[in-house]
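S.K.: My questions are about this predicted structure, shown below with the sequence.
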Amino acid sequence: MSARTRELLSLVVVGTIVGSAFTSVYIARQEVVSTESLSYAFFFLGLYVAAHIVTRIAVPHADPYLLPMAGFLTGIGLTEIYRLNEDEAFRQGLWIVIGLIAFAGTLLALRRDYRRLESYKYLFGLGALVLLVLPAMPIIGKTVNGARLWVELGPMRFQPGEFAKIFLIIFLAGYLREKREVLAQVRLKDLGPLLLIWGGAMAVLVMTNDLGGGLLYFGIFLAMLYVATAQVWFVAAGAAMFVGGAALVYTQIGRVAERVRMWLDPWSDPDGGGYQTIQSIYAIANGHFGGTGFGQGTFTDADGNQLIPYVSTDFIYSALAQELGLVGIAAFLLVYMLFAARGFRIALLAQDGFSKLLAVGLTFCFTLQTFIIVGGILRIIPLTGITLPFVSYGGSSVVANFMLLAGLLLVSNRANARSGA
């Protein structure tokens with residue numbers, strides 16, 4: 001059985017699971033099964049079959065499991081968003097369509113040789129900084145929930161930082177591939193561009209109060225630097241920089257101090273800063289071992305007010321944990337682990353430095369972002385406001401993650417074709 005046939009069969013299984021989940025939500029709301037639930041399942045499956053056809057044409061040797069896993073995550077996320085807010089689910093569905101179009105466009109545009117991106121590495125680096133600066137600009141920059149992450153142009157609002165992370169990964173992959181040998185000698189002229197890009201990104205992220213993004217970018221930078229040079233001291237120096245910077249930010253930015261305080265003791269302010277965290281913990285605990293079932297969770301009070309603010313964005317994991325229970329949410333997280341394992345496997349199979357670093361950067365970005373948001377909700381680390389990849393409500397995140405997926409498939413296709421896998 002060919003890789004693309006396995007991908008298609010996996011998508012059929014995913015479509016069946018997602019259709020069943022949506023049917024459960026629909027029954028819980030309407031108490032009857034209608035053709036709407038079936039049409040939803042067929043429409044969702046049709047979107048991914050179309051994406052499968054593009055992968056069959058553009059990347060016939062690519063990993064056959066990444067697209068079905070992305071389909072599963074987007075499907076479960078869209079089902080939960082529909083259960084929470086029908087209007088948001090409709091908009092999220094449109095963003096998934098746009099994301100799949102971007103996915104297909106990326107594959108078709110770069111199918112001959114994606115490595116030509118390396119020639120434009122400095123443009124991608126500068127582009128990442130420009131995208132990060134945009135939310136800090138007057139008029140177009142918008143502050144939402146204390147963080148200045150958004151750009152609003154007429155009726156369109158988006159988060160440029162979601163695309164900046166991909167630009168930065170491409171820059172780092174190209175630069176580190178070229179300079180990895182001399183970087184081990186720690187010459188300032190070679191470290192200069194890296195430190196400039198990293199320092200600029202950190203400064204912009206602090207100015208916009210995007211602390212989750214700051215941690216994400218720092219982690220990507222450090223991980224790719226270590227993979228390129230195999231120098232442990234880079235990790236030690238990076239950890240020292242992080243601790244020192246975190247201490248400084250903690251003393252200078254009140255929002256950071258508040259997040260840390262609520263992480264340590266949310267019950268010290270149960271009706272204020274700790275409210276979201278406490279309600280999230282209660283929601284997860286209410287799921288017990290087997291969960292309440294799709295559509296059966298409790299997320300509003302008797303008056304219809306949301307118990308967890310921003311539940312479809314920052315706290316969608318809590319909603320899923322309640323309705324899926326410990327067993328279901330563990331299986332859900334396992335999909336993320338498998339996605340990471342397949343991504344790092346692609347990096348191991350890649351035969352050139354740029355491809356290896358690109359695959360590592362994209363996979364680590366996806367994995368670290370998942371850890372940051374889930375770890376914040378579970379109080380492993382302070383809470384940040386980034387999205388759960390492919391699942392949380394948010395158009396910019398969905399489109400960017402589909403482009404990330406396309407990048408991994410492009411690297412996988414070249415690696416498997418050359419190795420005969």
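M.R.: Here it is on my side, so go on.

S.K.: Show me which strand runs longest in this structure.
M.R.: strand 147-153 (DSSP state E).

S.K.: what sits up against that one?
M.R.: 134-136, 140-144, 157-161, 207-211, 213, 385 (CB atoms under 8 Å, 6 or more residues apart in numbering). All C-beta spots, glycine's among them, are computed from the backbone N, C-alpha and C.

S.K.: chain center to that strand: distance?
M.R.: 18 Å (CA atoms, centre = their mean, to the nearest Å).

S.K.: How about stretch 238-255?
M.R.: Remark: stretch 238-255 is offset 24 Å from the chain centroid, using CA atoms, centre = their mean.

S.K.: quick one: average pLDDT of stretch 67-76?
M.R.: Average pLDDT, stretch 67-76: 95.

S.K.: Also stretch 347-360?
M.R.: Stretch 347-360 shows a mean pLDDT of 93.

S.K.: ditto for stretch 382-400
M.R.: Averaging pLDDT along stretch 382-400 yields 89.

S.K.: Following the chain past the helix or strand of the chain with the lowest mean pLDDT, name the next helix or strand.
M.R.: Lowest on mean pLDDT, DSSP states H and E among the helices and strands of the chain sits helix 188-207, with a mean of 68. Using DSSP states H and E, the helix or strand that follows helix 188-207 in sequence is helix 211-229.

S.K.: roughly how far out does that following helix sit from the chain middle?
M.R.: How far helix 211-229 lies from its chain's middle: 15 Å, per CA atoms, centre = their mean.

S.K.: Let's see that helix as CSV, backbone CA atoms only.
M.R.: The C-alpha trace of helix 211-229 is given here as CSV (Å, rounded to 0.1, in the frame of the first residue of the first chain):
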residue,chain,number,x,y,z
LEU,A,211,5.0,36.9,26.8
GLY,A,212,3.9,33.6,25.4
GLY,A,213,5.4,34.5,22.0
GLY,A,214,8.6,35.7,23.7
LEU,A,215,9.0,32.3,25.3
LEU,A,216,8.2,30.5,22.0
TYR,A,217,10.7,32.5,20.0
PHE,A,218,13.4,32.2,22.6
GLY,A,219,12.9,28.4,22.7
ILE,A,220,13.0,28.1,18.9
PHE,A,221,16.2,30.2,18.7
LEU,A,222,18.0,28.2,21.4
ALA,A,223,16.9,24.7,20.1
MET,A,224,17.9,25.4,16.5
LEU,A,225,21.2,26.9,17.7
TYR,A,226,22.0,23.8,19.7
VAL,A,227,21.0,21.4,16.9
ALA,A,228,23.2,23.3,14.4
THR,A,229,26.3,23.5,16.6
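
S.K.: The helix or strand following that helix to helix 211-229, inter-axis angle?
M.R.: With elements assigned by DSSP H and E, the helix or strand that comes after helix 211-229 is helix 232-252. Interaxial angle of helix 232-252 relative to helix 211-229 (axes from the mean of the first three to the mean of the last three CA atoms, to 10 degrees): 170 degrees.

S.K.: helices and strands around the helix or strand following helix 232-252, which ones?
M.R.: Using DSSP H and E, the next helix or strand after helix 232-252 towards the C-terminus is helix 254-264. If you count contacts as 3 or more CB pairs under 8 Å, 6 or more residues apart in numbering; DSSP states H and E, helix 254-264 packs onto helix 211-229, helix 232-252.

S.K.: Mind doing that once more with 6 Å?
M.R.: If you count contacts as 3 or more CB pairs under 6 Å, 6 or more residues apart in numbering; DSSP states H and E, helix 254-264 packs onto helix 232-252.

S.K.: what comes up buried for the helix it packs on?
M.R.: Across helix 232-252, burial judged by 16 or more other CB atoms under 10 Å covers F234, G238, A246, V249.

S.K.: In helices, which of the contacts of strand 147-153 fall?
M.R.: The helices, defined by DSSP state H, take in G161, M207, L211, G213 from the contacts of strand 147-153.

S.K.: What's the PyMOL line that selects buried ones from those residues?
M.R.: Selection of buried members from these for PyMOL, criterion 16+ other CB under 10 Å:
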select buried, resi 161+211+213
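
S.K.: Redo the ones in helices among the contacts of strand 147-153 as CSV? Include distance to V311.
M.R.: What follows is these, written out as CSV (distance: CB to CB, whole Å):
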residue, distance to V311
G161, 22
M207, 28
L211, 21
G213, 21
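
S.K.: burial of the residue nearest to G361 when sequence neighbours are not counted, as a residue count?
M.R.: In space, and not counting its chain neighbours, G361 is closest to I169: 3.7 Å by CB to CB, 6 or more residues apart in numbering. Counted with other CB atoms under 10 Å, residues neighbouring I169 total 27.

S.K.: Hmm, I169 is touching T363, no?
M.R.: No - using CB atoms under 6 Å, I169 makes no contact with T363, being 10.0 Å away.

S.K.: W267 versus S119, what's the distance?
M.R.: 55 Å (CB to CB, to the nearest Å).

S.K.: correction: G343
M.R.: Distance, G343 to W267, by CB to CB: 38 Å.

S.K.: Neighbour count for these two, which is higher?
M.R.: Set side by side, G343 and W267 show more neighbours around G343, with 26 against 10, by other CB under 10 Å.

S.K.: What segments of the stretch 51-200 of the chain are strands?
M.R.: 141-144, 147-153, 156-158 (DSSP state E, counting those that start in this stretch).

S.K.: all helices of this protein, in order?
M.R.: Using DSSP H, the helices found in the chain span residues 3-30, 35-58, 66-84, 86-110, 121-133, 161-183, 188-207, 211-229, 232-252, 254-264, 275-286, 316-349, 353-377, 395-419.
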